[in-house]
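S.K.: turn this into a structure:
(one chain, ligands or ions: 1)
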Amino acid sequence: MKILIACYSYTGNTLKVAEEFQKITDADLTRIDPVKNGFYLLKIWGALREHRAEINPCQTDIMDYDSLVVCCPVWAGKTPAGINQYLDDLKNIKGRKFGVFVTMKGSGNQKAAQQIRENLTEGGMEFLGQMIVTEADLKSGKYKEMVEFFAKKFQD
Ligand SMILES: Cc1cc2nc3c(=O)[nH]c(=O)nc-3n(C[C@H](O)[C@H](O)[C@H](O)COP(=O)(O)O)c2cc1C
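M.R.: Numbering: from 1, shown residues only. Presented below is the predicted three-dimensional model:
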């Protein structure tokens, strides 16, 4: 299965998990990179209000892929504005498969994974699995096992 990972990572946590997934699955990775990095409160506001933020060019056409993994940090319980923009920009998603994972500080409530899932399902994609990785999972190394389990869902 040819997989594209679309990763937004502000401080490196999500990227670390994405690279572990990439190691196991040999997926391609595209970085979602907002043109401007607003200050903390703007990030929170943008996430809460489900805003869009302009992003630098990256792989948005998934015609050549069987599946897509979208990953990002949780901000204010929701998806960062750059991810919302990426989801809007995606092309040729219908009929393809997807997974989602988010990283977050604690293990509290978050809607980010659900937002991504709903968006891509509405676009006609088939959901394969999701993963919520906390900073404690990253610190203890548990995330490696989690990624291994998650990656199995993407095997043909
Ligand atoms: C603006 C902002 C808002 C955040 N909001 C939350 C939150 O609501 N819940 C949470 O558990 N962690 C929150 N965090 C922590 C990040 O989700 C967590 O550190 C994540 O792993 C960072 O991923 P990254 O290094 O890929 O950017 C927030 C961090 C930032 C910068």
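
S.K.: where does this protein dip in pLDDT?
M.R.: Judged against pLDDT under 70, the chain has no low-scoring part.

S.K.: at 90 instead, please
M.R.: Across the chain, the ranges flagged by pLDDT under 90 are 37-38, 107-108, 155-156.

S.K.: show me where it has its strands.
M.R.: 3-7, 28-31, 67-73, 97-104, 126-134 (DSSP state E).

S.K.: and Asp61, how close does it get to the ligand?
M.R.: Separation of Asp61 from the ligand (Cβ to the nearest ligand atom, to the nearest Å) stands at 24 Å. Bear in mind the C-beta positions are built from the backbone N, C-alpha and C, glycine included.

S.K.: partners of Ile3 in the sheet?
M.R.: Counting by DSSP bridges, Ile3 forms beta bridges with Ser67.

S.K.: how many residues are close by the closest residue to Thr30 other than its chain neighbours?
M.R.: Spatial nearest neighbour of Thr30, excluding adjacent residues (Cβ to Cβ, 6 or more residues apart in numbering): Gln59 at 3.8 Å. By other Cβ atoms under 10 Å, 19 other residues sit near Gln59.

S.K.: is Gln59 in contact with Ile5, as I believe?
M.R.: No - using Cβ atoms under 8 Å, Gln59 is not in contact with Ile5; the gap is 9.7 Å.

S.K.: and for those two, which residues touch both?
M.R.: 28, 30 (Cβ atoms under 8 Å, 6 or more residues apart in numbering).

S.K.: OK, contacts around the residue nearest to Thr30?
M.R.: Residues near Gln59 by Cβ under 8 Å, 6+ apart: 4, 6, 28, 30.

S.K.: which members of these are the farthest-apart pair?
M.R.: Comparing all pairs in the contacts of Gln59 by Cβ to Cβ, the longest separation belongs to Ala6 and Asp28, at 9.7 Å.

S.K.: between the two, which is the more surrounded one?
M.R.: Ala6 (24 against 14).

S.K.: who's in contact with Lys78?
M.R.: Taking Cβ under 8 Å, 6+ apart as the criterion, Lys78 is in contact with 47-48, 50, 110-112, 115.

S.K.: mind listing what the most centrally placed residue in the chain touches?
M.R.: Against the mean C-alpha coordinate of the chain, by Cα atoms, centre = their mean, the closest residue is Cys71 at 1.3 Å. Contact analysis of Cys71 by Cβ under 8 Å, 6+ apart lists 5-9, 14, 17-18, 100-103.

S.K.: what's across from it in the sheet?
M.R.: Going by DSSP bridges, Cys71 is paired in beta bridges with Cys7, Phe101.

S.K.: lovely, talk soon.
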